[in-house]
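Visitor: have a look at this prediction, sequence included:
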Amino acid sequence: MAKILVIDDEKSIRDALRDILEYEGYEVDEAKDGQEGLDMVLSAPYDVALCDIKMPKLEGLDVLQKAKEEGSVTQFVMVSAFGNVENAVEATKRGAFDFITKPPDLNRLLVTVRNAIEKANDVEVIKTLKKRVYKKNEIVGDSAPILKVK
């Protein structure tokens, strides 16, 4: 079951998104501000984070950037009532999977979440395959010529 984190300072939005996502069978956690959301993303694995842009303590774009800098593979879907091209472009530059305006269209939200989960799964598969390839091509031995290559 996919894990989704909803980061929004409006309780009514968090509650509505939780109800929709839990009805679809997802496991949902909530964060009431940007700092709490960042702490949760960095401490537990989430497939997707639905993150508001304008929040107290830490704005959504900063949460996204800091999570990516720390190596988080969580797919971020930015959600904002201030849906303009500049915000969408900036979110994409910082690594967001998608950008949705409030109030979200239910069908678009669910399709975006499914696609983000699929991408998160693809990222995990790629990491696993890379490990296998590197391990398979690992040089084995401890003779003088081999040690020069290592």
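Guide: Perfect, thanks for sending it.
Visitor: how about the contacts made by I100?
Guide: For I100, the contact set (CB atoms under 8 Å, 6 or more residues apart in numbering) comprises V77, M78, V79, S80, G83, R108, L109, T112. C-beta coordinates here come from the backbone N, C-alpha and C atoms, glycine included.
Visitor: of all these, which comes closest to A144?
Guide: When the contacts of I100 are compared for distance to A144 (CB to CB), V77 wins out at 54.2 Å.
Visitor: can you pull the contacts of the closest one?
Guide: Going by CB under 8 Å, 6+ apart, V77 touches V48, A49, L50, C51, A96, F97, D98, F99, I100, T112, V113, A116.
Visitor: swap the cut-off to 7 Å and go again
Guide: Neighbouring residues of V77 by CB atoms under 7 Å, 6 or more residues apart in numbering: V48, L50, A96, F97, D98, I100, T112, V113, A116.
Visitor: which parts of the strand or helix carrying V111 are buried?
Guide: If you go by DSSP states H and E, V111 is part of helix 106-136. Across helix 106-136, burial judged by 16 or more other CB atoms under 10 Å covers L109, L110, T112, V113, A116, I117, K119, A120.
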